[in-house]
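> Need the 3D shape of this:
(one chain, ligands or ions: 1)
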Amino acid sequence: MSDGKNLSVEEKKELLKRLMKEKSAKQAQGAASAATQSAANRDFSVYTQFEHFPEVQTLAAQFETLRMLQVSNPYFRVNEGIVNDKTRIEGRELISFSSYNYIGLSGDPRVSQAAKEAVDKYGTSVSASRIATGERPIHQELEKEIAGLLGVEDAIVMVSGHATNVTVIGHLMRPGKDLILYDALSHNSIIEGCVLSGARRIAFPHENWEELDKILTEVRGDYERVLITIEGVYSMDGDIAALPKFIEIKKKHHALLMVDEAHSMGVIGPHGLGIRDYYGVDGREVDLWMATFSKSFASCGGYIAGKKTLIDYLKYNTPGFVYSVGISPANAGAALAAAKIMKSEPKRALKTQANARYFLDKAKQKGLNTGPSKDSAVIPIITGNSAHALILADALFKDGINVQPILYPAVPDNEARLRFFITTDHTEAEINETVEKCAVHLERIRRDMADVSFPKSMIGG
Ligand SMILES: Cc1ncc(COP(=O)(O)O)c(C=O)c1O
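The predicted model follows:
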């Protein structure tokens, strides 16, 4: 039993219990010794050795858990080619639900060709911030195209989706004067932006616009600028924000509204043009439209679109834009080609939507918990236990299906899940096989491993 291989279910449970006990004992020991040391004889060398960092030890314990559960590491798997409905890993072809290639444009020959032509014309880097010598015609064409997709005056594109949120929120909102109200399930990049800004920040309960309204009624008067941030489609649950309600509230309280469309642009709506298209609202009703190019746009980067005054200001002042290189020609070329295809071929988004509906219906028929996902290409299957999610993902991987588990601490342990990204290229046969295998494995795991879970010390229980 000591080498952790070929364990019976009972033995696995025992090992997990032991691991949990050992970890708690170590933590208690560490705390006791720190408390008894005076400043004079404290050993500061532990602060220079990464293996003593508690965060590093937590990661090591997580690897230990993978070993105990006898599952392969689901992270950093090498995909050996283009990932659409299929992928190749370790020489094996698998059905893939792990990439954001929602409308299949990464790998589309027209998009690849546009990237190559941009490289031939402008080189592999623009080699400077755009405000200096980095500006190229392709940047301006891309920004015009994005503004057109949203029906707003202008747009600014940056080198990363994550950095776009961090730098724009971080820069626009000010400490001591301003307030940011963000949805409790916001993406990390939004939260990092809020923290960077130094403005007061309040998370409102997920999608709870009534509560948001109440908070604003109470505190609006204490601040100058107020920013509300929401997402078009929430990336963990695949539910769509009630945009018209948020527009109403932002108007009522004289706040700015920012919508992150990472998972909605190119996917939802009758023309696949995002949440504005889904609800049929005027693009000018939202102050800051944001999205990343790494999903439907088959590239890398991010944008903010809105009024020209805002965009001009950001172009001359946002640190992540002014003090950073312009988006590369290949990335701008790919995103521009993808934006044009997105507009001219709504059938791609409509097929993604149909595939997602099909997946959702099948999963519900099998009694799987898909949470609040609706009308989007993100569908969770909630196992309610991180160890079960990990074991289920491993079993599917062995069966030729690649899907990412989402575990504590990314979500609370009782909301651990597999997250399926549906694309335009998936077939009904692939979806049938996946849902069927998922249901069978999950039933077995729940039956045979009901009390197998991550060590409590690790999940903060
Ligand atoms: C909602 C949301 N915003 C922003 C980002 C960051 O985008 P990128 O990965 O392109 O930097 C992501 C990435 O997954 C996201 O899900």
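> quick one: secondary structure of residue 304?
Put simply, residue 304 is strand when judged by DSSP: H, G, I helix; E, B strand; the rest coil.
> Correct me if wrong: it contacts residue 153.
No - with contact defined as CB atoms under 8 Å, residue 304 does not reach residue 153; the gap is 11.9 Å. Yep, even glycine has a C-beta here, placed from its N, CA and C like the rest.
> which residues do these two both contact?
Residues touching both residue 304 and residue 153 (CB atoms under 8 Å, 6 or more residues apart in numbering): residue 311.
> ok, the two, which is more surrounded?
More crowded of residue 304 and residue 153, by other CB atoms under 10 Å: residue 304, with 27 against 16.
> Which strand residues bridge the more buried one?
Listed by DSSP bridges, the beta-bridge partners for residue 304 are residue 156, residue 290.
> So for it, what pLDDT did the model give?
For residue 304, the pLDDT comes out at 99.
> Tell me which residues touch it, please.
Counting by CB under 8 Å, 6+ apart, residue 304 touches 155-156, 158, 164, 168, 288-290, 310-311, 314.
> ok, now with 10 Å
Applying CB atoms under 10 Å, 6 or more residues apart in numbering to residue 304 gives the contacts 143, 146, 154-158, 164-165, 167-168, 172, 258, 287-291, 310-311, 314, 318, 321.
> swap in residue 159?
Contacts for residue 159 were tallied using CB under 10 Å, 6+ apart; they are 293, 300-302, 320-321, 324-328, 331.
> Run through the helices of the stretch 201-350 of the chain in chain order.
Taking DSSP state H, counting those that start in this stretch to define them, one finds helices in the stretch 201-350 of the chain at 209-219, 243-252, 275-279, 308-317, 319-322, 329-344, 346-365.
> Quick one: closest of the ones you listed to the ligand.
The ligand sits nearest to helix 329-344 of all the helices of the stretch 201-350 of the chain, at 10.6 Å, using CB to the nearest ligand atom.
> which helices and strands sit right next to the closest one?
helix 109-122, helix 137-150, strand 154-158, strand 302-306, helix 346-365 (3 or more CB pairs under 10 Å, 6 or more residues apart in numbering; DSSP states H and E).
> I'd like those laid out as TSV, including distance to residue 439.
What follows is the helices and strands packed on helix 329-344, written out as TSV (distance: least, CB to CB, whole Å):
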stretch	distance to residue 439
helix 109-122	36
helix 137-150	39
strand 154-158	42
strand 302-306	37
helix 346-365	8
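> Pick the most buried one from the ones you listed.
strand 302-306 (a mean of 27; mean count of other CB atoms under 10 Å).
> need the contact list for whichever residue of the stretch 351-461 of the chain sits closest to the ligand.
Nearest to the ligand in the stretch 351-461 of the chain, going by CB to the nearest ligand atom, is residue 378, at a distance of 9.3 Å. Contact analysis of residue 378 by CB under 10 Å, 6+ apart lists 100, 102, 233-239, 263-264, 267, 356, 371, 419-422.
> how about it, phi and psi?
Torsion angles at residue 378 (phi, psi; degrees, to the nearest 10) stand at phi -110, psi 120.
> what mean pLDDT does whichever strand or helix holds residue 57 have?
Counting by DSSP states H and E, the element that carries residue 57 is helix 54-68. Helix 54-68 shows an average pLDDT of 90 in the prediction.
> Kindly report the same for stretch 421-431.
For stretch 421-431, mean pLDDT is 98.
> Kindly report the same for stretch 267-285.
When pLDDT is averaged along stretch 267-285, the result is 98.
> what about residue 444, helix or strand, and which?
Assigned by DSSP H and E, residue 444 belongs to helix 428-448.
> Okay, buried residues for that helix please.
For helix 428-448, burial by neighbour count (16 or more other CB atoms under 10 Å) applies to 430-431, 434-435, 437-439, 441-442, 445.
> go on, stretch 50-57?
Residues residue 57 are the ones in stretch 50-57 that count as buried (16+ other CB under 10 Å).
> and the residue of the chain nearest the ligand?
For the chain, CB to the nearest ligand atom, closest residue to the ligand: residue 161, 2.5 Å.
> these two touch, right, that residue and residue 189?
Yes - using CB atoms under 10 Å, residue 161 is in contact with residue 189, at 6.9 Å.
> Give me the common contacts of these two.
In contact with both residue 161 and residue 189: 260, 262, 290, 292, 302, using CB under 10 Å, 6+ apart.
> Now do stretch 129-143: distance to the chain's middle.
Distance, stretch centre to chain centre, for stretch 129-143: 27 Å (CA atoms, centre = their mean, to the nearest Å).
> At the contact with the ligand, which residues of the stretch 201-350 of the chain appear?
231, 235, 260, 262-263, 292, 294 (CB under 6 Å from any ligand atom).
> just for the chain, where's the confidence low?
1-37, 456-461 (pLDDT under 70).
> Which strands and helices lie in contact with the helix holding residue 57?
Judged by 3+ CB pairs under 10 Å, 6+ apart, helix 54-68 is in contact with helix 9-36, helix 386-398.
> Given the helix or strand following the shortest one, what are its sheet partners and their directions?
The element immediately downstream of helix 386-398 (helix or strand, assigned by DSSP H and E) is strand 401-402. Using DSSP bridges, the strands paired with strand 401-402 in its sheet are strand 92-96 (parallel).
> what residues does the partner strand touch?
With contacts defined as CB under 10 Å, 6+ apart, strand 92-96 is touched by 77, 79-81, 83-89, 396-397, 399-404, 420-421, 423, 425-427, 429-431, 433-434, 437.
> Spell out which residues make up each domain of the protein.
Listed by automatic domain parsing, the domain ranges of the chain are 9-37+44-67, 70-105+346-448, 109-344.
> and the end-to-end length of the longest one?
As for domain 109-344, its first-to-last residue distance stands at 16 Å under the measure CA to CA, to the nearest Å.
> so how far is that domain from its chain's centroid?
Put simply, domain 109-344 sits 14 Å off its chain's centre (CA atoms, centre = their mean).
> check contacts around residue 341.
Counting by CB under 10 Å, 6+ apart, residue 341 has contacts 103-105, 108, 110-111, 114, 266, 296-298, 348.
> do that again at 7 Å, thanks
Residues counted as contacts of residue 341 (CB atoms under 7 Å, 6 or more residues apart in numbering) are 105, 110.
> Determine the angle, from 0 to 180 degrees, between the helix holding residue 444 and helix 346-365.
On the basis of axes from the mean of the first three to the mean of the last three CA atoms, to 10 degrees, helix 428-448 is oriented at 30 degrees to helix 346-365.
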